[in-house]
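Peer 1: below is the sequence, then the predicted model.
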Amino acid sequence: MIYLKFWTKRYLIVEFALLATLLSGCSHIGATDAEVNIIYRRSAQYHQPDRNPVIVIPGLMGSRLVDIDSGQTVWGAFDAKAADPQTDEGARLMSLTISDDKDLSSLKDNIEPDGVLDKIKIKLFGIPLVVRAYAGILATLGVGGYRDQDLGLNSIDYGDDHFTCFQFDYDWRLSNVDNAQRLKVFIDEKREYVRAAYKARYDLDVDDIKFDIVAHSMGGLIARYFLRYGDTKLDEIRDEDPVPWLGKSDIGRLILVAPPMVDRWMHLPG
């Protein structure tokens, strides 16, 4: 329990201090609402099917977790109603019990992901900070015409389209392989959603729909695994076999923001 408390606080400071630095240029978006509205309204309403829809994948602890039985937010709401990971009960809700007779993929409880964090409160060197977290990335994509259904800049009229940008939230307590498998299901679902939108809005039948992915930190490892191995289970991969790049039929571009990888570059096929 002591280790969990220590790890949670220390990692949270490092993870979101980095994110605060990366998004410092976006932290004041919307401060001059009128100017932003004039500059970006036209591009924010551009939703033509000549470019790939985008999926945003947050890093470790970047997705809210909710107890589906009680409706209580286990992680991601920093108020009195949320579970406090500094208490035994809060730490218990956040934890997955590991036993010798179960593999990691079989660990389940009543906690599920519930969206990407829009803001988070931390203390950096004793100074309280409110970091807008992934709201900055989603808002920036929004002014470029990639419309997310939940987040954006309030001063801008995006129109009624929101089929071009999606948040992939995930249970970061599970393995990256489990979440890569969930990413495959997510992509297949959103492809059908986008295909239906193209048909309804433009009377176009588009079969070859790929997604561009923007992934931060641990989300980059999930996207990287999916690009290389798709939804293949880890015990089905042999080191001596060449990388099959099973995810290339689903991913057009992959942008990795501060991924914790040893190798600097990925050499993609083709």
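Peer 2: Ah, there it is.

Peer 1: what residue ranges in this protein score low on pLDDT?
Peer 2: Residue ranges of the chain with pLDDT under 70: 1-48, 78-81, 104, 119-133, 142-145, 147-163, 262-270.

Peer 1: for it, which segments count as strands?
Peer 2: Secondary structure of the chain by DSSP state E: the strands cover 54-57, 63-67, 73-75, 111-116, 120-124, 127-131, 165-167, 211-216, 251-257.

Peer 1: give the other helices and strands that the third one contacts.
Peer 2: Read it as strand 73-75. Other helices and strands packing on strand 73-75, by 3 or more C-beta pairs under 8 Å, 6 or more residues apart in numbering; DSSP states H and E, are strand 63-67, helix 88-94. (Glycine included, C-beta is placed from N, CA and C.)

Peer 1: also the longest one?
Peer 2: Here strand 251-257 touches strand 211-216, helix 218-229, going by 3+ C-beta pairs under 8 Å, 6+ apart.

Peer 1: need the ones you listed in TSV (columns: mean neighbour count).
Peer 2: TSV is the format used below for the helices and strands packed on strand 251-257 (neighbours: other C-beta atoms under 10 Å):
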stretch	mean neighbour count
strand 211-216	24
helix 218-229	23
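
Peer 1: so which of the ones you listed gets nearest residue 56?
Peer 2: Proximity to residue 56 (C-beta to C-beta) singles out strand 211-216 among the helices and strands packed on strand 251-257, at 5.1 Å.

Peer 1: partners of the closest one in the sheet?
Peer 2: strand 54-57 (parallel), strand 251-257 (parallel) (DSSP bridges).

Peer 1: ranking the ones you listed by burial, who's on top?
Peer 2: When those are scored by mean count of other C-beta atoms under 10 Å, the highest mean neighbour count falls to strand 54-57 (a mean of 26).

Peer 1: ramachandran angles for the closest residue to residue 252 other than its chain neighbours?
Peer 2: Spatially, and ignoring its direct neighbours in sequence, residue 252 is nearest to residue 210 (3.9 Å; C-beta to C-beta, 6 or more residues apart in numbering). Residue 210 adopts backbone torsions of phi -110, psi 160, taken as degrees, to the nearest 10.

Peer 1: how close does residue 210 sit to residue 260?
Peer 2: To residue 260, residue 210 is 26 Å away according to C-beta to C-beta, to the nearest Å.

Peer 1: now the nearest residue to residue 254 once chain neighbours are set aside: how far from residue 135?
Peer 2: Counting by C-beta to C-beta, 6+ apart, residue 254 lies nearest to residue 213, which is 5.0 Å off, once chain neighbours are set aside. Distance of residue 213 to residue 135, computed by C-beta to C-beta: 18 Å.

Peer 1: picking that back up, who has more neighbours out of residue 210 and residue 260?
Peer 2: residue 210 (15 against 10; other C-beta atoms under 10 Å).

Peer 1: residue contacts, the more buried one?
Peer 2: 52, 249-252 (C-beta atoms under 8 Å, 6 or more residues apart in numbering).

Peer 1: closest one of those to residue 68?
Peer 2: Lowest distance from residue 68 to the contacts of residue 210 (C-beta to C-beta) belongs to residue 250, with 28.0 Å.

Peer 1: so what's the closest one up against?
Peer 2: Contacts of residue 250 (C-beta under 8 Å, 6+ apart): 184, 187, 191, 210-211, 226.

Peer 1: what about 6 Å?
Peer 2: Residues near residue 250 by C-beta atoms under 6 Å, 6 or more residues apart in numbering: residue 187.

Peer 1: do residue 111 as well
Peer 2: Taking C-beta under 6 Å, 6+ apart, one finds 65, 67, 74 in contact with residue 111.

Peer 1: can you redo the residues you listed as CSV with distance to residue 175?
Peer 2: Output for the contacts of residue 111, formatted as CSV (distance: C-beta to C-beta, whole Å):
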residue, distance to residue 175
65, 16
67, 21
74, 19
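
Peer 1: return the member of the residues you listed nearest to residue 206.
Peer 2: Nearest to residue 206 out of the contacts of residue 111 is residue 65 (C-beta to C-beta; 34.6 Å).

Peer 1: that closest one pairs with what?
Peer 2: Beta bridges link residue 65 to residue 75, residue 113, judged by DSSP bridges.
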